[in-house]
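Participant: please find the sequence and the predicted model below.
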Amino acid sequence: MGKIGLFYGTDTGNTERVSKRIKELVEAKAGAGEVDLLEIYKKKKDDMAKYDLLILGMPTWYDGELQGDWEEFISEMQQIDFTGKKVAFFGLGDQYGYASYFCDALGVFSEIVEKKGGALVGAWPITGYEHDFSKAQRGDIFVGLCLDTDNQDELTEQRISTWVPMVLSGFGLGQTS
């Protein structure tokens, strides 16, 4: 398998901070240099399409709004053939202030990946969250890791540390300690 493309968009730096931590943990298990960390700003479909293993990180703003760079990337993403690709999502949101839109961006983009033939990995349980609705939720799971650095930042590290081995297993890279 080739390198993992970890794409993220950020306005406040929180998603970038989480992305860097995920890269560290993935490379600690999969090997140094195995992750290309790329901000989605000004990227084109070919930048993402060259990876068969993808981790996509995005915040959800306010009433379900997409982060600006990801919003601009939607048309590019809809042109990518995700057949044979495995994609893991993580997102940041505010489960209390925006309880009806918590991590909605994951739901929006995961639908695109699935419609274009991609396989989702890294589903995450909804246990421990207090939100009303999320486009990222399917039954009792989220399509990816949801983080609330505003209200549950003390859980962020443990959630990431638990999620990364799940993603690597889903990528077929096994779980090494």
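Facilitator: Nice, I can see it.

Participant: helix, strand or coil: sort out residue 150 for me.
Facilitator: coil (DSSP: H, G, I helix; E, B strand; the rest coil).

Participant: how about the contacts made by it?
Facilitator: For residue 150, the contact set (Cβ atoms under 8 Å, 6 or more residues apart in numbering) comprises 94, 96, 97. Heads up, the C-betas are built off the backbone N, CA and C, glycines and all.

Participant: just the pLDDT for the last one.
Facilitator: Per-residue confidence (pLDDT) for residue 97: 92.

Participant: same deal with the one 3 residues further on?
Facilitator: The pLDDT attached to residue 100 in the predicted structure is 93.

Participant: surely it and residue 94 touch.
Facilitator: No. Residue 100 is beyond contact range of residue 94, at 11.0 Å (criterion: Cβ atoms under 8 Å).

Participant: higher neighbour count, those two?
Facilitator: residue 94 (19 against 11; other Cβ atoms under 10 Å).

Participant: please pull out the lowest mean pLDDT helix or strand from this structure.
Facilitator: strand 65-66 (a mean of 92; mean pLDDT, DSSP states H and E).

Participant: pairing partners for that strand, with directions?
Facilitator: Here strand 65-66 is paired, per DSSP bridges, with strand 53-61 (antiparallel).

Participant: report the buried residues of the partner strand.
Facilitator: 53, 54, 55, 56, 57, 58, 59, 60, 61 (16 or more other Cβ atoms under 10 Å).

Participant: could you point out which element follows the longest helix seen in the chain?
Facilitator: What stands out as the longest helix in the chain, according to DSSP state H, is helix 14-30. Per DSSP states H and E, the first helix or strand lying C-terminal to helix 14-30 is strand 35-39.

Participant: which other residues reach that next one?
Facilitator: 3-10, 16, 19-20, 23, 26-27, 47, 51, 55, 69.

Participant: could you do stretch 21-33 as well?
Facilitator: With Cβ under 8 Å, 6+ apart as the contact definition, stretch 21-33 has outside contacts at 3-4, 6, 34-35, 37, 55, 57, 90, 157, 160-161, 164-165, 167-168, 173, 175-176.

Participant: now, those residues that are in strands?
Facilitator: Applying DSSP state E to the contacts of stretch 21-33, the entries found in strands are 4, 6, 35, 37, 55, 57, 90.

Participant: what pLDDT does the fifth one get?
Facilitator: Looking at residue 55, its pLDDT stands at 98.

Participant: before I go, just wanted to say thanks for your time.
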